[in-house]
Every structure is written in C-alpha cells, then in structure tokens.
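In: Turn this into a structure:
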Amino acid sequence: MTQVYFHRSNTKKVFLDHHGAVVKDLAEARDHATRLVQSFTNERSLEDWRDWVLHVSDSQGDELFVIPFTFVLGKPH
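Out: Numbering: from 1, shown residues only. From the prediction side, this is the model:
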C-alpha cells in the first residue's frame, strides 16, 4: 500500500491534492485517477476541461503518471 496524490492543472491554474489516497498498486491509482477526472468533468460548471491534466505523484513528490482529461472526455463532436 502506498500514498499517492492527484494534482490537477491547466495552463492557468494548479490545484494540489494535500490528502491523497492509499492504493495497493499503479492499476488502482489509475482507476482512482480516472474516477476523479470523471467526477470533475461531470460537475455542472462552465469549465472547459479539455486542457486539464491530472498528475499522480507518490509521497516523495515523484510523478508516477499523468492523465490528460481529454483521455476520459474523448474527442469533441
């Protein structure tokens, strides 16, 4: 089990995750990250999420992987 953090950013803003989540492996971290992106994009807001990225980091601050929100959103129609 390891503590990971899910920071999100775009070209204008950065939001740091100070709580994180405990996951058993990278697959669980990826699944959690995907659910987070889905929850942000499903909120009612005027935010254009296409240029946002979720950065997944370990407790030492090393980036494990990133998920561009567009991977979850898909291509615009």
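
In: Could you use CA atoms for every contact and neighbour count after this?
Out: Fine.

In: And the strands in this protein?
Out: With DSSP state E, the ranges of strands along the chain come out as 2-9, 14-15, 21-23, 53-58, 63-68.

In: Need the residues that contact the second one.
Out: Just to be clear, that refers to strand 14-15. Residues from elsewhere that reach strand 14-15 (C-alpha atoms under 8 Å, 6 or more residues apart in numbering): 7, 8, 9.

In: buried sites along the longest helix along the chain?
Out: For the chain, the helix that runs over the most residues, judged by DSSP state H, is helix 26-42. Using 16 or more other C-alpha atoms under 10 Å as the test for burial, helix 26-42 gives 29, 30, 33, 34, 37, 41.

In: so who does the fourth one touch?
Out: Read it as residue 34. Going by C-alpha under 8 Å, 6+ apart, residue 34 touches 67, 72.

In: Not counting sequence-adjacent ones, nearest residue to residue 1?
Out: Nearest non-adjacent residue to residue 1, counting by C-alpha to C-alpha, 6 or more residues apart in numbering: residue 24, 4.3 Å away.

In: so what pLDDT did the most centrally placed residue in the chain get?
Out: In the chain, the centroid-proximal residue (C-alpha atoms, centre = their mean) is residue 54; its distance is 3.0 Å. pLDDT for residue 54: 97.
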